[in-house]
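> Got a sequence here, can you build the structure:
(chains A, B, C and D)
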2 protein chains.
Amino acid sequence: MTTRGRGLHGHVLETLGPAITAGEYPPGSVLRTDELAQRFEVSRSVMREAVRVLESMHLVESRRRVGVTVRPKAEWNVYDPEVIRWRLAGADRPHQLRSLTVLRSAVEPVAAGLAARHATAEQCAELTECALGMVATSRGHQLEAYLVHDIAFHRVILCASGNEMFARLGDVVAEVLAGRTHHEVMFEDPDPAAVTLHVQVAEAVREGDAARAEQLTREITVGALQELDILAP
Amino acid sequence: MTTRGRGLHGHVLETLGPAITAGEYPPGSVLRTDELAQRFEVSRSVMREAVRVLESMHLVESRRRVGVTVRPKAEWNVYDPEVIRWRLAGADRPHQLRSLTVLRSAVEPVAAGLAARHATAEQCAELTECALGMVATSRGHQLEAYLVHDIAFHRVILCASGNEMFARLGDVVAEVLAGRTHHEVMFEDPDPAAVTLHVQVAEAVREGDAARAEQLTREITVGALQELDILAP
DNA sequence: CCGAACAAAAAGTCAGACTTATACGTCACA
DNA sequence: TGTGACGTATAAGTCTGACTTTTTGTTCGG
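Alright, predicted model coming up:
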């Protein structure tokens, strides 16, 4: 089904984007607009719009007389949510998941520290609610319900940090957490220690204890990293 | 002059993008493709390509029967290099610079720690070279030359971390450092303590001392944050 | 062996006609 | 007066075909 309602060019993107990010067309590969238009059975105008979008993501480069060439992975806009989604849906999902988890481990502790300074009363309340929700669903194979609260918790932290760059990572973190629950191991209930840490982070933020919030969040992310190391040491 | 060689739609973007990110069109504003095409004296096809790109950056949303509506700031793809460039060139440059510096303070220490583990011999050599270059140009109003080495240094650290998400922040850090030198205060020579820290980070990475590399880099970024706090407490 | 002119290829641009979805106003009916 | 169905105007979406421009690679003359 994917994302529909974005017109024909959206449909083309949903096919071409994942194909490119999956490495189906190695860097340097040359595509031709007319040929692609034929393949996808769309007009050249529609195809051109799709190529423009891929170009803005730095996935390809369009040059006269040569065609649309695929750029090397190192130049891709890897922070583009679409690109992240495509890569997570593709073959190097594990690799992408690791990269994002490392990013989390860098960003979230600092975000938590800032949240302790800037969080509004409402945000503190939300945070506590999320933490309690996590506790309530942490046992008895309620993984989906737990995940919802977990995602909400981290989203609130990132938003409450007051930094727009951090706030926009909410979707990324959500993807990582969802990915861990759905596709990686996670047969059993969440680690009780992790649940406790979340509760304590909520406390620290509420009390405005930045250093403690940061340290506790660091422990959470260390745990997330360790999970990955167990999977692929 | 800007970025030329990207065709007409690129020219449109260079005008519309900065206008939108500068808040010239408040969220919810409605633009019409035909009207814009007339204003920029381009065909509708070209205008549509530009709109598609803005749409992929989540700056606008195009809906039938309504037009092209500007999305709220909170939904923008603030990690898109173009968006960052536009915002840095605009009115809320100070705000953007703060956000990015905070991001740096979260990412760079972790990146340095990883670099200490993963850096190749060649990367270590580059790092040392950069640090020496910084020392050599740290006195006598050679700000531009110093900046070049400073940027190169941080770029190597981010790349050597081995994390693609970190590596892609090289351009962002370059912008921040360049912005600080060019538009903010920086009449006098760089802080000698900061220069020393860079040399020590290079050492720590070379020796594979992750904890020390991380800690020293943290001190560098704390310094960068303090600079901003002095400017706007 | 090298440089300049030339030809071909592919993207880029434009104009116009047509299609489609949908917000909004209208009107009948409860 | 409120509510729902219906019709219409609007702006985006799509397609097509012709034309322009840039660039690569080849060929020819020095």
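
> Now tell me what touches stretch A:31-47 from outside.
The contact list for stretch A:31-47 (CB atoms under 8 Å, 6 or more residues apart in numbering or on different chains) reads A:7-9, A:11-12, A:15-16, A:25, A:48, A:51, A:60, A:62, A:67-70, B:45, B:48. (C-beta placed from N, C-alpha, C; glycine too.)

> Near DNA strand C, list only the ones from these.
A:48, A:51, A:62, A:67, A:68, B:45 (CB under 7 Å from any atom of the strand).

> Just the buried subset of these, written out for ChimeraX, thanks.
Selecting only the buried entries of those in ChimeraX, with 16 or more other CB atoms under 10 Å in any protein chain shown as the criterion:
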select /A:48,51,62,67,68
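
> Mind telling me what element the residue lying closest to residue A:200 once chain neighbours are set aside is part of?
Nearest residue to residue A:200, sequence neighbours excluded (CB to CB, 6 or more residues apart in numbering or on different chains): residue A:216, at 5.2 Å. Assigned by DSSP states H and E, residue A:216 belongs to helix A:210-231.

> And that helix, what's buried?
A:210, A:212-218, A:220-221, A:224, A:227-228.

> tell me the helices in chain A, going along the chain?
Assigned by DSSP state H, chain A shows helices spanning A:7-21, A:33-40, A:44-56, A:81-89, A:93-118, A:121-136, A:143-160, A:164-167, A:170-182, A:192-207, A:210-231.

> circling back: determine which two of the ones next to DNA strand C among the contacts of stretch A:31-47 are furthest apart.
For those, the farthest-apart pair by CB to CB is A:67 and B:45; their separation is 19.1 Å.

> Where does pLDDT dip in chain A?
Along chain A, segments meeting pLDDT under 70 span A:1-5, A:184-187, A:230-233.

> at 80 instead, please
By pLDDT under 80, the weakly predicted segments of chain A are A:1-5, A:183-188, A:229-233.

> Restrict stretch A:206-222 to CA atoms and write it as PDB.
Provided in PDB are the C-alpha atoms of stretch A:206-222 (Å, rounded to 0.1, in the frame of the first residue of the first chain):
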ATOM      1  CA  ARG A 206      10.500  16.800  36.800                       C
ATOM      2  CA  GLU A 207      12.900  17.800  39.500                       C
ATOM      3  CA  GLY A 208      15.100  19.800  37.100                       C
ATOM      4  CA  ASP A 209      18.100  17.600  37.800                       C
ATOM      5  CA  ALA A 210      19.800  17.900  34.400                       C
ATOM      6  CA  ALA A 211      23.000  16.000  35.200                       C
ATOM      7  CA  ARG A 212      21.000  13.000  36.600                       C
ATOM      8  CA  ALA A 213      18.600  13.000  33.700                       C
ATOM      9  CA  GLU A 214      21.500  13.000  31.300                       C
ATOM     10  CA  GLN A 215      23.400  10.200  33.100                       C
ATOM     11  CA  LEU A 216      20.300   8.000  33.400                       C
ATOM     12  CA  THR A 217      19.500   8.400  29.800                       C
ATOM     13  CA  ARG A 218      23.000   7.500  28.900                       C
ATOM     14  CA  GLU A 219      22.500   4.300  30.800                       C
ATOM     15  CA  ILE A 220      19.400   3.600  28.700                       C
ATOM     16  CA  THR A 221      21.200   4.200  25.400                       C
ATOM     17  CA  VAL A 222      24.100   2.100  26.600                       C
END
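
> who touches that stretch?
By CB under 8 Å, 6+ apart, the surrounding residues in contact with stretch A:206-222 are A:101, A:104-105, A:108-117, A:119, A:124, A:127-128, A:157, A:194, A:197-198, A:200-201, A:204-205.

> Up against DNA strand D, what does chain A have?
Chain A comes close to DNA strand D at residues A:7-9, A:42-46, A:49, A:63-66, as judged by CB under 7 Å from any atom of the strand.

> quick one, the helix holding residue A:216 and helix B:93-118 angle?
Put simply, helix A:210-231 runs at 40 degrees to helix B:93-118, going by axes from the mean of the first three to the mean of the last three CA atoms, to 10 degrees.

> Distance from the chain centre to helix A:210-231, please.
Centroid separation between helix A:210-231 and its chain, computed with CA atoms, centre = their mean, to the nearest Å, is 17 Å.
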